[in-house]
Structures are given as C-alpha cells and as structure tokens.
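*Asks:* Could you look at this predicted model? Sequence included:
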Amino acid sequence: TKEIVMPKQKDFKRVVRSRMEKTGESYTAARLQLVRKKEADFAKLAGMSDASVKKATGRTWTEWVKTLDEVRAADKPHREIARYVSSTGTPDWWSQMVTVGYERIRGLRDKGQRRGGGYEAHKSKTFAVPVKKLFAAFAKMDFDVRSATPNKRMRLAWDDGTTVEVMFTSKGVQKSAVEVTHQKLPDKSAAEKMKAWWGERLNALAESF
C-alpha cells in the first residue's frame, strides 16, 4: 500500500477550513473526512480515471492534489485554479477537468455542481470523422447557436435560460471529439436528466455518419 502524501500542515489546515465553510462541519469532523479520502478514492471522486489524467497532463490525481494544495488552491476561485493549472502547460480543456476534479476531491463541490451553487451536465464522445465534418454536422442540428468558432467551440442558448458550451477537438485526420457542458441547471436531478439526453443526441449523431 502506498503511503498517503498529505500536503504541508498549514496548507492542509486551509483545505479543512474551506470544507468547513461549505459543509458547516466542525474542524475535527471536516479534517477527519478529508484524511479518510485515500489516494485510491481520488479518481472516483474526480469522476475521471488516474490513467486518463496522467496520459493527458503527465500527473496522477495524487500528484495534482499535492501540487494544488501547496499553492492553497482550495482557497481560490475556480477560474484562478484553472489559470494556475493551465500555466503548468496543461491544455485548456484538461485544465478545466483537473480543476473540477480537484474541487470534487477536496469537497468544494458535488459531482455536476459548480462552485457557489448551480449544476452542470457533462457529456463527451469521440467520432471517426475529421473535426471539420463533426462541427458541420453539429451546426446543422436544431439548436439556437449564439456564437461559434469554426471547428473549435460553440455556445448554445436553451429556452429555459440555461446555456450549453460545446468544445471540438481534432484527434487525427479521421478522428475527433466533442465535449458538451450544459450549464446553469437547477439541481442534480436536472443535471442527470440532461446528461442522459445529451448522450442520446451524441449517439444519434454518431449513427448519422
């Protein structure tokens, strides 16, 4: 069994206090919950495998947690954490994934929840077509497109006031991926519902090629 690498004592205390503010727990209770989170749990809490994050960023979740704890990331807003992760040479999309994963690991947000409230639904899929063809096919779907950068990103508006960010990534001449983030959802149930809905739409799109 690997030894659990904890942050420096003063940094860990800041993480505990951040959790206290979110959950209302006592210092002792918050500290106990954080200590109990073993390294093996990090991938599950983050919602992404250690292998995936290691391949994309060069670091495991344990290494990211240690790095971010050392710069007091638990005390910082989401955007500032993501900016720091990006400064390490991590691609923009993965900077967001690492930031969200860290926030989940440290108990700063639930799965699908944004910092400060509100929920999001995330869904991604890889397609055996060039990114240009994937973008064009997505653009033809019945969506209210508010802004777009060809072959890179798209912003959609929903009738209920929620918004959708769509990111496109080329993975080769005949391979590409799309990442959908449905934002401003009211609760966890709505996030789960929209995640399933987007899964169906992306599967249908794949079958159309």
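*Replies:* Perfect, thanks for sending it.
*Asks:* the helices in the chain, which residues?
*Replies:* 9-23, 27-36, 39-46, 50-57, 61-70, 78-87, 92-105, 131-139, 188-208 (DSSP state H).
*Asks:* just the ones you listed: most buried one?
*Replies:* By mean neighbour count, with neighbours taken as mean count of other C-beta atoms under 10 Å, helix 92-105 ranks first of those at a mean of 22. Quick note: C-beta positions are derived from backbone N, CA and C, even for glycine.
*Asks:* quick one: contacts of that one?
*Replies:* Residues outside helix 92-105 that contact it (C-beta atoms under 8 Å, 6 or more residues apart in numbering): 37, 42, 45-48, 53, 56-57, 61, 64-65, 68, 73, 78, 81-83, 85-86, 90, 109-111, 115, 167, 169, 179.
*Asks:* Let's see that with 6 Å instead.
*Replies:* The contact list for helix 92-105 (C-beta atoms under 6 Å, 6 or more residues apart in numbering) reads 42, 45-46, 48, 56-57, 64-65, 68, 81-82, 85-86, 109, 167.
*Asks:* and that helix with helix 9-23, angle?
*Replies:* Comparing the axes of helix 92-105 and helix 9-23 via axes from the mean of the first three to the mean of the last three C-alpha atoms, to 10 degrees yields an angle of 80 degrees.
*Asks:* pLDDT of helix 92-105, averaged?
*Replies:* For helix 92-105, the mean per-residue pLDDT is 87.
*Asks:* before we move on, back to that, can you put the helices of the chain in TSV and add distance to Ser124?
*Replies:* Output for the helices of the chain, formatted as TSV (distance: least, C-beta to C-beta, whole Å):
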stretch	distance to Ser124
helix 9-23	27
helix 27-36	29
helix 39-46	15
helix 50-57	11
helix 61-70	19
helix 78-87	18
helix 92-105	10
helix 131-139	12
helix 188-208	8
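*Asks:* quick one: which of the ones you listed is nearest Gln174?
*Replies:* For the helices of the chain, the distance to Gln174 is smallest for helix 131-139, at 9.3 Å, taking C-beta to C-beta.
*Asks:* tell me the mean pLDDT for the closest one?
*Replies:* Helix 131-139 shows a mean pLDDT of 94.
*Asks:* Please give the centre-to-centre distance between that helix and its chain.
*Replies:* Helix 131-139 sits 23 Å away from the centroid of its parent chain (C-alpha atoms, centre = their mean, to the nearest Å).
*Asks:* what's that helix packed up against?
*Replies:* Applying 3 or more C-beta pairs under 6 Å, 6 or more residues apart in numbering; DSSP states H and E, one finds that helix 131-139 contacts strand 163-172.
*Asks:* switch to 8 Å and redo it
*Replies:* Helix 131-139 is packed against strand 153-157, strand 163-172, strand 175-185, helix 188-208, with contacts defined by 3 or more C-beta pairs under 8 Å, 6 or more residues apart in numbering; DSSP states H and E.
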